[in-house]
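> need a 3D model of the following:
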Amino acid sequence: MGIFISLSGYTKNDSGDTDKPYVTEQSFRKNLNGQMTMLYKILAQLMNYGVTDSTTLKLEFFFYTDTEEKAFTLAAALKKLNYEVEATPSQGDEQLMLIRGWTGPIKMDESSVEAWTEQMVRLGYNHDCEFDGWGSNPQQ
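Just a heads-up that it's a prediction; the model follows:
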């Protein structure tokens, strides 16, 4: 059983203006706050399945953006972290790109997951992609 919570807060640039960023500074800050709040809910769910602070799990992650170029650039940055990554058109919206993948094992204590979550939100923002959340299977 996998546990995943998504904020589903990605915002499409409907204006057609390619100079307009997909992720504004305001949406970045809102997403960072939301992701930091949600990680405690995910950790609590994982604890219900026997995950402890000393458990290490691979995490599945998701990002969205509005161009293939941005998606591939973020995917390359994530691959440099030795993550398994793919970038494909979103099934729910053909104008969006989905970047998803798996990390290596990460310790499931609060400080490690907080640091990783902040890193992902910031990495997405730096590549004009929005981090949409993460999940894991506690029975890896």
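
> so how far is the lengthiest helix in the chain off the chain centroid?
As assigned by DSSP state H, the longest helix anywhere in the chain is helix 25-48. Distance, stretch centre to chain centre, for helix 25-48: 10 Å (C-alpha atoms, centre = their mean, to the nearest Å).

> which strands or helices does that helix pack on?
In terms of contacts (3 or more C-beta pairs under 8 Å, 6 or more residues apart in numbering; DSSP states H and E), helix 25-48 is packed against strand 3-6, helix 110-126, strand 130-136. From N, CA and C alone the C-beta is placed, and that goes for glycine too.

> so which of the ones you listed is the most packed in?
Of all these, strand 130-136 carries the top mean neighbour count, a mean of 24, counting by mean count of other C-beta atoms under 10 Å.

> for the chain, what helix or strand is lowest in average pLDDT?
Least confident helix or strand, the chain: strand 3-6 with a mean of 48, by mean pLDDT, DSSP states H and E.

> picking that back up, so what strands line up beside the helix or strand that the longest helix of the chain is followed by?
Going down the chain from helix 25-48, the next helix or strand is strand 56-57, by DSSP states H and E. The strands that strand 56-57 pairs with in its sheet are strand 106-107 (antiparallel) (by DSSP bridges).

> run through who's touching the partner strand.
53-59, 112-113, 116 (C-beta atoms under 8 Å, 6 or more residues apart in numbering).

> nearest to residue 40 among those residues?
Distances from residue 40 to these, taken as C-beta to C-beta, are shortest for residue 113 (9.0 Å).

> pull the number of nearby residues for the residue nearest to the closest one when sequence neighbours are not counted.
Spatial nearest neighbour of residue 113, excluding adjacent residues (C-beta to C-beta, 6 or more residues apart in numbering): residue 39 at 5.5 Å. Neighbour count for residue 39, taken as other C-beta atoms under 10 Å: 19.
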